[in-house]
Structure formats: structure tokens, C-alpha cells
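Novice: here is the input, now give the coordinates:
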Amino acid sequence: MADVDSVLNEQVRFLHNEIAYLKQEQKDVTSLQMYRDNTRLKRAVERSLQVSVEVCLDIGRRIIAQSGYEYPNSNREVFEILIRKGIIPASLQPALQKMAGFRNIVVHEYVRIDDAQVYGMLKANLEDFETFATAIVNFLSVAGEEEDS
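Specialist: Modelled structure (predicted):
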């Protein structure tokens, strides 16, 4: 799993960079109206949130494939498998399900994007990405120790 670890570590670093960008916007954007009035900002935040969810899904799929777990039939199921296998905390499930749904709207039903929902995710859900990343780093650390044994 050493090869995979380098890819996963790179993906986790990428996720941390996205989180850092979003945290800066979280701090700078002080109201829903301010968010709504700035089209460039909206597009950037939507894209960064989408990419963050995509990275979480890619990480999950890679771990699932490398570990030989059952194949996920949906994005939501990627997170369900990671929770079932104890890789990420079950407390994240509601947030991750919401993220998977948000990703589908941004990618497939972009005309239905709700500014208030995106603003709410920006203001309230960045910790969920951090918790996910921490869980993955912990998993990789344990997997690395087992590989060394």
C-alpha cells in the first residue's frame, strides 16, 4: 500500500489546501447577501466545495479498492463503507451524505444551486472536511505501521 499511501497523502494535502482557501473565504464573507452579490466568489466557492467533496470521494474509493472492500454503487455508499469499516467516524455520516447530495446538484443540476445552502456549507461544514482528512491521516498511519510489522 506504499504506492497508494503517496497518492492518498497527496490527495489529503490537496484537500487541506482547498480547506485553507475556503476558510479564508469563510472569514472574509460576512453575510449571505455579500455572498449572493459576488458572482465570481460564488463560482469559486461552489467549485472549491465541489472539488473538496470529489477529493473525499476519490480518497474513499481508493481506500475501498486497495482494501478489497465491497464496490460502492453510489457516492453516498463510498462514505457508508468507510464508516462501516471504522475508517471515518459515524458522526460524520449526516454531513457526508449532505456533501454527496450537494456534489450531485453542483455537477448535474447546477440550475438548482441554492446560494443559501452553499453559504451555509461555507460557514458551517468546513470542520467536516477537516475531520474526514484527520481520519484518513490516522488510517494511513495505522496502515503504514501494520505494513512495517
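Novice: what ranges does this structure have for its helices?
Specialist: 2-28, 32-36, 39-67, 75-84, 93-108, 115-124, 126-148 (DSSP state H).
Novice: got JSON lines for these, with mean neighbour count too?
Specialist: Bear in mind the C-beta positions are built from the backbone N, C-alpha and C, glycine included. Output for these, formatted as JSON lines (neighbours: other CB atoms under 10 Å):
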{"stretch": "helix 2-28", "mean neighbour count": "15"}
{"stretch": "helix 32-36", "mean neighbour count": "14"}
{"stretch": "helix 39-67", "mean neighbour count": "18"}
{"stretch": "helix 75-84", "mean neighbour count": "20"}
{"stretch": "helix 93-108", "mean neighbour count": "17"}
{"stretch": "helix 115-124", "mean neighbour count": "16"}
{"stretch": "helix 126-148", "mean neighbour count": "16"}
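Novice: how about those in a markdown table, adding mean pLDDT?
Specialist: A markdown table is the format used below for the helices of the chain (pLDDT from 0 to 100):
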| stretch | mean pLDDT |
| --- | --- |
| helix 2-28 | 90 |
| helix 32-36 | 97 |
| helix 39-67 | 96 |
| helix 75-84 | 95 |
| helix 93-108 | 89 |
| helix 115-124 | 93 |
| helix 126-148 | 86 |
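Novice: would you mind putting the CA coordinates of stretch 29-36 into CSV?
Specialist: Extracted in CSV, the C-alpha atoms of stretch 29-36 (Å, rounded to 0.1, in the frame of the first residue of the first chain):
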residue,chain,number,x,y,z
VAL,A,29,-17.6,36.7,3.6
THR,A,30,-19.7,38.2,6.4
SER,A,31,-23.3,37.8,5.1
LEU,A,32,-25.4,35.8,2.7
GLN,A,33,-26.1,39.0,0.8
MET,A,34,-22.4,39.7,0.4
TYR,A,35,-22.0,36.1,-0.9
ARG,A,36,-25.0,36.5,-3.3
